[in-house]
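Chemist: model the following, please.
(chains A and B)
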Amino acid sequence: MPLIPEWAAGSERRGSRAAPPRPDAAGFSAFYEENFDAVLGFVARRTNCPQVAADLTADIFVAALEAAGQYDPKRGSPYAWLYGIARNVLASHYRGSAREQRAVARLNGHRLLDEEDIAALEERIDAERAARELAERHGALSEPLREVLDLVAVDGLTPGQAAQVLGLNRATVRSRLHRAKRLLRTAHPSPAQPTENAASFLEVVS
Amino acid sequence: MNTPTGYKQRLASELSAMATHPAPVTATRAPARRLRVPFTIAAVATAAVAAAVVVPTLSGSGSSPAYAVTQRSDGSVALDLNRAEGLPGLQQQLKKLGLPAVVLEGDENCATGKPPLAPGAEGRYPMTYTNTKPFKGIIDPDLIRDGETLLIVADFRDDDSVLSVSYRLVSKVPTCSEPWIGGGPDATL
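Modeler: Purely as a prediction, here's the structure:
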């Protein structure tokens, strides 16, 4: 299973050719096509419920559409911008307030699912199990360390990309990664079979 | 790649319809739970604070401080907000620290809606959430430029506990704001 670096790595490959978010139907359609799999992967790494994954994916794109007019390419790449939105929508979801969720949810994404979609989502979610387990291992870390580590180790962003998403400088991100690495090694001194994600993470911060 | 193609197509159609016919700005908002005078005290001084300042307020029915403001050694400022009664004190302490920050309670009936983002503020996020229940955040003053004010909008439940805290950088401080004005690497909450 890949580390799911397609969002980050793909954006790097595409560079400035990545479709920017635009609020008009045609412009947003191109942005949606380019980022749908990445958003779905982001969500599937954080939930094991197809219906929730569908809701979150819809909410993320609705939020992106509503904010598309504010996107400024000078301030970051489209993927970083969208990643920020995805994190915010996810945080709103897990805060759990019905009122807050109503404020974010403009579409009930799960109502767009048919049986084949649910089966495909279940397979996708199953394929992301390792990433979810890795994220769970980060649960004991403080939030500043965990958010950096999740972006790099779970979502496959480079430290530079994580810095862009979080609005931090690269030195801060690298410092937090090293601290997270140290703490995780203390908590898990000798993993017999490090996961692909964990191995990648150790590569990144070494 | 396991792609839910039907869902993807239907979601694309929904988004296309939304882009073609954007929803009108809130016409049927629920009435505000209560009227509260907004705290629009802009702090624009630049006084340096060398020592840590911790200002908890214990009042009301809760046993935890209604709010706390802490100047950290790296220059950042940590905020805790637990209940609505902490809002005035929070504002005052931010002012004392010289932070260009204004705290408002979100007003769903605010006629001006959400204030516009300051020019060039996209992608700059001066507050980091470290906890949401209760709210805890850290402000990095270095990310607030001259002429900008960090507008923090808090929203409360009927029991006065914090429902949400959102923020954005603004050039002009509004007298009111709808809640959910932002809160991270974007402004979508």
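
Chemist: only C-alpha atoms for contact and neighbour calcs from this point on.
Modeler: Fine.

Chemist: do the longest helix seen in chain A and chain B come into contact?
Modeler: In chain A, taking DSSP state H as the definition, the longest helix is helix A:25-44. Yes: using Cα under 8 Å from any Cα of the partner chain, helix A:25-44 reaches chain B at A:25-26, A:28-29, A:32, A:36-37.

Chemist: which element is B:Ser166 on?
Modeler: strand B:162-170 (DSSP states H and E).

Chemist: give me the contacts around stretch B:131-146.
Modeler: For stretch B:131-146, contacts defined as Cα atoms under 8 Å, 6 or more residues apart in numbering or on different chains pick out A:95, A:143, B:75-82, B:99-100, B:124-130, B:150, B:162, B:164-165, B:169.

Chemist: in ChimeraX, select just the buried ones from these.
Modeler: ChimeraX command restricting the contacts of stretch B:131-146 to the buried ones, with burial defined by 16 or more other Cα atoms under 10 Å in any protein chain shown:
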select /B:75,76,77,78,79,80,81,82,99,100,124,125,126,127,128,129,130,150,162,164,165,169
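
Chemist: quick check: ChimeraX command selecting the buried ones in the residues of helix A:25-44 next to chain B.
Modeler: Typed into ChimeraX, the line below selects the buried ones among the residues of helix A:25-44 next to chain B, using 16+ other Cα under 10 Å:
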select /A:25,28,29,32,36,37
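
Chemist: thinking again about what came up before, next one: the helix or strand that the longest helix of chain A is followed by to chain centre, how far?
Modeler: Following helix A:25-44 in sequence order, the next helix or strand is helix A:50-67 (DSSP H and E). Taking the mean of its C-alpha atoms, helix A:50-67 sits 12 Å from the chain's own mean (Cα atoms, centre = their mean, to the nearest Å).

Chemist: could I have helix A:50-67 exported to CSV, CA atoms only?
Modeler: Output in CSV follows, covering the C-alpha atoms of helix A:50-67 (Å, rounded to 0.1, in the frame of the first residue of the first chain):
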residue,chain,number,x,y,z
PRO,A,50,-18.3,4.8,4.6
GLN,A,51,-21.2,7.1,5.4
VAL,A,52,-19.1,9.4,7.5
ALA,A,53,-16.4,9.3,4.8
ALA,A,54,-19.0,10.4,2.2
ASP,A,55,-20.4,13.1,4.5
LEU,A,56,-16.9,14.5,5.2
THR,A,57,-15.8,14.4,1.6
ALA,A,58,-18.9,16.3,0.6
ASP,A,59,-18.4,18.8,3.4
ILE,A,60,-14.8,19.4,2.5
PHE,A,61,-15.6,20.2,-1.1
VAL,A,62,-18.6,22.3,-0.2
ALA,A,63,-16.4,24.3,2.2
ALA,A,64,-13.8,24.6,-0.5
LEU,A,65,-16.3,25.8,-3.0
GLU,A,66,-17.6,28.4,-0.6
ALA,A,67,-14.0,29.6,0.1
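
Chemist: quick one: mean pLDDT for it?
Modeler: Averaged across helix A:50-67, the pLDDT comes to 91.

Chemist: orientation of that helix relative to helix A:25-44 in degrees?
Modeler: For helix A:50-67 against helix A:25-44, the angle by axes from the mean of the first three to the mean of the last three Cα atoms, to 10 degrees is 140 degrees.

Chemist: for helix A:50-67, which positions count as buried?
Modeler: A:50-67.

Chemist: near chain B, from those?
Modeler: Counting by Cα under 8 Å from any Cα, the members of those near chain B are A:58, A:61-67.

Chemist: which members of the contacts of stretch B:131-146 occur in strands, if any?
Modeler: Taking DSSP state E, the ones among those that sit in strands are B:77-81, B:127-130, B:150, B:162, B:164-165, B:169.

Chemist: and B:Asp159, how many neighbours?
Modeler: Residues near B:Asp159, counting by other Cα atoms under 10 Å in any protein chain shown, number 9.

Chemist: equivalent analysis for B:Thr3, please.
Modeler: Neighbours of B:Thr3 (other Cα under 10 Å): 18.

Chemist: cross-check the contact I'm expecting between it and A:Ala120.
Modeler: Yes: if you go by Cα atoms under 8 Å, B:Thr3 and A:Ala120 touch, sitting 5.9 Å apart.

Chemist: now the ones in strands among the contacts of stretch B:131-146 as JSON lines including pLDDT?
Modeler: Compiled in JSON lines, these are given as follows (pLDDT from 0 to 100):
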{"residue": "B:Val77", "pLDDT": "91"}
{"residue": "B:Ala78", "pLDDT": "90"}
{"residue": "B:Leu79", "pLDDT": "90"}
{"residue": "B:Asp80", "pLDDT": "89"}
{"residue": "B:Leu81", "pLDDT": "88"}
{"residue": "B:Met127", "pLDDT": "86"}
{"residue": "B:Thr128", "pLDDT": "80"}
{"residue": "B:Tyr129", "pLDDT": "76"}
{"residue": "B:Thr130", "pLDDT": "76"}
{"residue": "B:Leu150", "pLDDT": "94"}
{"residue": "B:Val162", "pLDDT": "82"}
{"residue": "B:Ser164", "pLDDT": "78"}
{"residue": "B:Val165", "pLDDT": "83"}
{"residue": "B:Leu169", "pLDDT": "88"}
